[in-house]
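1. Generate coordinates for the sequence data below:
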Amino acid sequence: MASIPVMHTRTDLLRFRTDRAMKTKSISCWLMLFVPLALLGCGGGDTTVVDPTDEQQTTEAGASGTEEDQSGTQGEPSNESVGEAEGENRPPAGPVVLPGDPSFLKYVTPKHSVALVLHPKQAFESDLAQELPVEIVVDQQQREAGFDVRTIERAVVLLKTPSADALTVGRGDASFDEEALDDGSDPFAEPEPPQEPAFVLWFATPPDQDEVLRAARAHPDQDAEVTEIAGVKCYSAYGPSIAFPTDKTLVVAPLAAMPEFLEPTGGSGPLAERMRSQVFSADAVVVADVAAMREVVAVLKRDLGEEIPSQVRPFVELAEHVDVVVARADASAANLLRIDVTAKDAESAEQVRLTLDNGINSVKSLYNFFVHGRIQNGPLPDPEAALAVTDALVNGITVEVEGADVSVNAPRPDGLVELATALKPAFDAARKAAVATQSRNNLKMIGIGLHVYAEGDANNALIPAPRTENGKPVSTWRVETVEAIKAGGSELFVDPNLVNERKTRYLLVTGPGTLFPKSDSTLTLRQIETGDRPASNLPIVIEVGPDKAVVYDQPGDFVLDPENPRAAMGDTGEDFVNVLMSDGSVQRIPPTASDAAVTWFLQGSPAHPKAAEFRAELARQ
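-> Okay, here's the model as predicted:
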């Protein structure tokens, strides 16, 4: 069959690149299905097949509880906070879902190919989690999602297999068949959107619905669209829709898929049947119907080719040999990690074993090369004891084959909790260092933005003047800086711990003796260049404590009190204070520096009899 080369116009080429980017984004999600095989990142618990007696006991355990739970009164939804009138009909609430209860299978449809079942509350209560700095993850997640992940009894994530057409760019990248013109179709038609995952979360205590919706920018006050399905309100904004079927249940899914969760008729299909024989009591369980994804994987291999990372390619090839993957993780089980693979036949199982053995050997090599020496020569109080634990963890991974079944096990070594306890100070130090590095990087980006603005401003003003309407400011220098560099958005300024309040800790240095005696003072690059003090000694922006943060797009800056310079800094604890200088560098004020030295520094290091003493104080890093 003849093929006609395509002469791309600029528009067509842009669409082609956009399609490629969309496809690559969706591809990365599906390739992640094979990463647990490569990194052994999921597993644990025992792969117990449920017999009718066990299933009945499990179901009874999941349905047990107080009479209030079983009657549904405790779980009665409460949507008054998002505008429901009192007394309005609401869907009934069921009992709290407990680990092991398989009732969520009603949401699984024949189109689903992957299910991830998590029990966060159970995982965070494990002895191992108690010794890890989980508050970092919890705090960030709560800021971004509006609820505490530790209150989630169960979370179910369901993925549908995208069609092959959804992953195809045009009609074959740079050319298409003549028949493509005969059927009247557009060879450059936009591909189907990738299948979005759906989430169902059951909470031990009701989340604040207002906080959840506002965190997702889906609150009615934020102009979100509200659609009612099966008597439940669905809130839609920039992403998936959000619904609260009960006061303890949260559904996040595309609006078109919401009926599957608000009026569930599922519980059928290959994935559901494979899940019926599993116990879902581990901290995390993944069930993947790989057989249903073979066509998709074939398209990815054909279209990506050499673009597939070499480390991942062997596991992509396994799709031809694997029918089902069940992976478990459980911090409290005898097996921390377990993966069970059902191959097509015994010959395929052997191919799976060889690939897994190679992957495990790669993990061991990386551990011996990068990790072993660092632990041995690191700051841990007992490196030999730590090595005994990590060696047992890595070297204890095994692969077993029986017929068409392959299993990977990583037993929990003795002393793991003690190792986590010993590592906690190192985790805390690493977190603190990462936060400080990110802050310095943000300040450097702000400095670049200020200089970019100054170069384009007619007067070379270093600090953008707020826009005004009717003589009143309608923005701040921070907003104008973001506009100048066209990158980063408000995230460059807004503190990650203060996202919901949209507050920033980066304030302009103003006050007596500073470059900006008043908050509306102006400064140009020429004034800096011709001044009597080096540009590297001129503070512009300071990072204050969280208690002194201001709303990003509202007026508010640091005002120096020469007698008490730390008052306006707020609660900075024992941390260094980062300061952006007019030359774009970032310097730090140590917590031990005297008030006189700090004032001298913030005023641009003018001539002073104690200048040498002040410099020595500020140099103590």
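
2. low pLDDT regions in the chain?
-> 1-102, 136, 163-195, 457-460, 465-469, 471, 473-474, 484-490, 518-536, 621 (pLDDT under 70).

3. So the residue nearest the centre of it, which state does it fall into?
-> Note on the chain: the residue nearest the mean C-alpha position is Q141, at 8.0 Å, using C-alpha atoms, centre = their mean. Here Q141 is helix, with the state taken from DSSP: H, G, I helix; E, B strand; the rest coil.

4. Not counting its neighbours along the chain, what's nearest it?
-> Nearest residue to Q141, sequence neighbours excluded (C-beta to C-beta, 6 or more residues apart in numbering): V149, at 4.9 Å. For the C-beta atoms, the positions are set from N, CA and C on the backbone; glycine is no exception.

5. In contact with the one you found, which residues?
-> Neighbouring residues of V149 by C-beta atoms under 8 Å, 6 or more residues apart in numbering: P120, F124, V137, V138, Q141, Q142.

6. and with 6 Å instead?
-> Counting by C-beta atoms under 6 Å, 6 or more residues apart in numbering, V149 touches P120, V138, Q141.

7. From the chain's centroid, how far away is the host helix or strand of A433?
-> Element membership for A433 (DSSP states H and E) is helix 416-456. Remark: helix 416-456 is offset 17 Å from the chain centroid, using C-alpha atoms, centre = their mean, to the nearest Å.

8. now do stretch 614-621
-> So, by C-alpha atoms, centre = their mean, the centroid of stretch 614-621 is 39 Å from its chain's centroid.

9. and the helix holding A433, what does it pack onto?
-> Counting contacts by 3 or more C-beta pairs under 6 Å, 6 or more residues apart in numbering; DSSP states H and E, helix 416-456 is packed against helix 127-130, helix 383-395, helix 477-485, strand 577-581, strand 586-589.

10. I'd say A272 and P110 touch.
-> No: the criterion here is C-beta atoms under 6 Å, and A272 misses it with P110 at 7.9 Å.

11. So those two - more neighbours on which side?
-> Using other C-beta atoms under 10 Å as the criterion, A272 and P110 rank with A272 on top: 20 against 14.

12. The residue nearest to the more buried one when sequence neighbours are not counted: what's it in contact with?
-> Counting by C-beta to C-beta, 6+ apart, V108 is the residue found nearest to A272 once chain neighbours are left out, at 4.2 Å. Going by C-beta under 6 Å, 6+ apart, V108 touches G266, L271, A272.

13. which one of those residues sits closest to T572?
-> Ranked by distance to T572 (C-beta to C-beta), the contacts of V108 are led by L271 at 52.1 Å.

14. Number of residues surrounding that closest one?
-> Neighbours around L271, by other C-beta under 10 Å: 27.

15. Which secondary structure state is assigned to it?
-> Criterion first, three-state DSSP; result for L271: helix.

16. Could you shift the numbering so residue one becomes 59, and keep it that way?
-> From this message on, residue numbering opens at 59, which makes the last subject L329.

17. does it really touch A346, like I thought?
-> No: applying C-beta under 6 Å, one finds L329 not in contact with A346, separated by 8.4 Å.

18. if I look at the nearest residue to T568 once chain neighbours are set aside, how far off is G514?
-> Leaving out its chain neighbours, the residue that sits closest to T568 by C-beta to C-beta, 6+ apart is F574, at 4.4 Å. Relative to G514, F574 is positioned 20 Å away (C-beta to C-beta, to the nearest Å).

19. Those two: who's more crowded?
-> F574 (21 against 9).

20. what about that one, distance to L596?
-> 10 Å.

21. now do E458
-> For E458 relative to L596 (C-beta to C-beta), the value is 67 Å.

22. Would you check how far apart E183 and D206 are?
-> 13 Å.

23. higher neighbour count, the two?
-> When E183 and D206 are compared for neighbours, D206 comes out ahead with 19 against 14, by other C-beta under 10 Å.

24. Test my guess that that one contacts Q200.
-> Yes: under the criterion of C-beta under 6 Å, D206 makes contact with Q200 at 5.4 Å.

25. and stretch 628-641, C-alpha only, in CSV?
-> What follows is stretch 628-641, C-alpha atoms only, in CSV (Å, rounded to 0.1, in the frame of the first residue of the first chain):
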residue,chain,number,x,y,z
GLY,A,628,8.8,36.7,63.6
ASP,A,629,9.4,33.2,64.9
THR,A,630,12.4,31.9,62.9
GLY,A,631,13.5,29.5,65.7
GLU,A,632,17.1,28.4,65.5
ASP,A,633,17.1,28.6,61.8
PHE,A,634,19.2,30.9,59.6
VAL,A,635,17.3,33.8,57.9
ASN,A,636,17.7,33.9,54.1
VAL,A,637,18.1,37.4,52.5
LEU,A,638,18.2,38.2,48.8
MET,A,639,20.8,40.8,47.8
SER,A,640,20.6,43.3,45.0
ASP,A,641,23.2,41.4,43.0
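
26. what's the offset of it from the middle of its chain?
-> The answer for stretch 628-641 is 28 Å, by C-alpha atoms, centre = their mean.
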